[in-house]
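Participant: Got a predicted model here, sequence first, then my questions.
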Amino acid sequence: MSELTPHLIEPKDLEAMLLRENLIIVDLSHPALYQQRHVPGAVHLISTALMGNVPPAAGKHPSFKDIKALMSNLGIDSSKHVVIYDDEGGGWAGRLAWTLDLIGLHNWSYLNGGIVAWINEGHTTESTVNIPKSCCTDIGSTFANPSASIHVDEIITRLDSSDFAVWDARSPAEHSGEMVRAARSGHIPGAINLEWTELMDQENNLHIRNNAQDILNNLGLSKDKTIATHCQLHHRSAFTYMVARILGYEKIAGYDGSWAEWGNLDDTPIELGF
């Protein structure tokens, strides 16, 4: 993947470019918050529209046809700069970033810290409900970048590879197997557990931590490896995918089946503990 658009934008820099015609700002916050306060010009997107919502692996992406229709409704095509944010520090924003990567639209930027940073740092908000300007999108007829996603069989075949790593973005209790959220609990063998919130600076309006790269390197999640990241439904791990992309990772893939799939299959290998 190669892009010209920086994948991270600071609140002050976004405020300076709000009137640009090619800018589309997508708010994935709670609907009640959007109705009260949002970045001027932002359109709202219900987060679950980015998931297939078919149990047990409800986090798998929708069909290409449905994604294309969604992008068309939002007015997103290759000529647009898409700025994305939410109210939780980046999970749902990351899910949109991952979806855009899947269809080959890499011209996205994450608003660092989301609406939390935007409000707390004193930037202008509005309560007007903005209607998307739909367009005939130019994203073709199939996923242009399927390598942004990885499937269960691919993970199993690579588990013993030294240049492959699994990033488990769930809580330590889920990773160890103490918390059960599927037919079987535990983690993918060899998976490295780094809970998604560990990369958010709680003291700095949920900005991505300045030392995020050092944290990843110290855990063995370095750029030279192919990394599959997952959680329960590829919501929390969509944030970790997005952070990796912001840091310049080229070999990062989201496992959208995640634990909802892995833990409900009978033959997937599982480890317990740490």
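Facilitator: It's in.
Participant: And the strands in the protein?
Facilitator: Along the chain, counting by DSSP state E, strands occupy 8-9, 23-27, 43-44, 81-85, 108-111, 164-168, 192-193, 200-201, 207-208, 226-230, 252-254.
Participant: which other residues reach the first one?
Facilitator: The reference is to strand 8-9. Outside of strand 8-9, the residues within contact range by Cβ atoms under 8 Å, 6 or more residues apart in numbering are 83, 109-112, 208, 246. Using the backbone N, CA and C atoms, a C-beta is placed for each residue, glycine as well.
Participant: now with 6 Å?
Facilitator: Strand 8-9 has contacts (Cβ atoms under 6 Å, 6 or more residues apart in numbering) with 109-112, 246.
Participant: What strands flank that strand, and is each parallel or antiparallel?
Facilitator: Sheet pairing for strand 8-9, assigned by DSSP bridges, gives strand 108-111 (parallel).
Participant: that older thread, figure out which of the strands of the chain is closest to residue 264.
Facilitator: Across the strands of the chain, residue 264 has its closest neighbour in strand 226-230 (13.5 Å, Cβ to Cβ).
Participant: thinking again about what came up before, spell out which two among the contacts of strand 8-9 are the most distant pair, please.
Facilitator: Spatially, the most separated pair among the contacts of strand 8-9 is 111 and 246, at 11.7 Å (Cβ to Cβ).
Participant: any chance of the contacts of strand 8-9 in JSON lines, plus pLDDT?
Facilitator: Converted to JSON lines, these look like this (pLDDT from 0 to 100):
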{"residue": "109", "pLDDT": "98"}
{"residue": "110", "pLDDT": "98"}
{"residue": "111", "pLDDT": "98"}
{"residue": "112", "pLDDT": "98"}
{"residue": "246", "pLDDT": "98"}
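Participant: Can I get those in JSON lines including neighbour count?
Facilitator: Shown next, in JSON lines, are the contacts of strand 8-9 (neighbours: other Cβ atoms under 10 Å):
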{"residue": "109", "neighbour count": "23"}
{"residue": "110", "neighbour count": "26"}
{"residue": "111", "neighbour count": "27"}
{"residue": "112", "neighbour count": "23"}
{"residue": "246", "neighbour count": "20"}
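Participant: Enumerate every residue touching the spatially most central residue of the chain.
Facilitator: Closest to where the C-alpha atoms of the chain average out (Cα atoms, centre = their mean) is residue 94, at 2.2 Å. Shown in contact with residue 94 (Cβ under 6 Å, 6+ apart): 238-239, 241-242.
Participant: Could you report the separation of it from residue 114?
Facilitator: From residue 94 across to residue 114, the span is 11 Å (Cβ to Cβ, to the nearest Å).
Participant: what do you get for residue 106?
Facilitator: 20 Å.
Participant: For those two, indicate the residue with more neighbours.
Facilitator: The residue with more neighbours, out of residue 106 and residue 114, is residue 114; 28 against 20, by other Cβ atoms under 10 Å.
Participant: ok, that one touching residue 83?
Facilitator: No. Residue 114 is not in contact with residue 83 according to Cβ atoms under 6 Å; the separation is 10.7 Å.
Participant: burial of residue 103, as a residue count?
Facilitator: Residues contacting residue 103 under the criterion other Cβ under 10 Å number 24.
Participant: how much space between the closest residue in space to it that isn't next to it in sequence and residue 71?
Facilitator: Residue nearest to residue 103 in three dimensions, not counting chain neighbours: residue 139, with 4.9 Å by Cβ to Cβ, 6 or more residues apart in numbering. Residue 139 sits at a distance of 6 Å from residue 71 (criterion: Cβ to Cβ).
Participant: What of residue 216?
Facilitator: In terms of Cβ to Cβ, residue 216 sits 30 Å off from residue 71.
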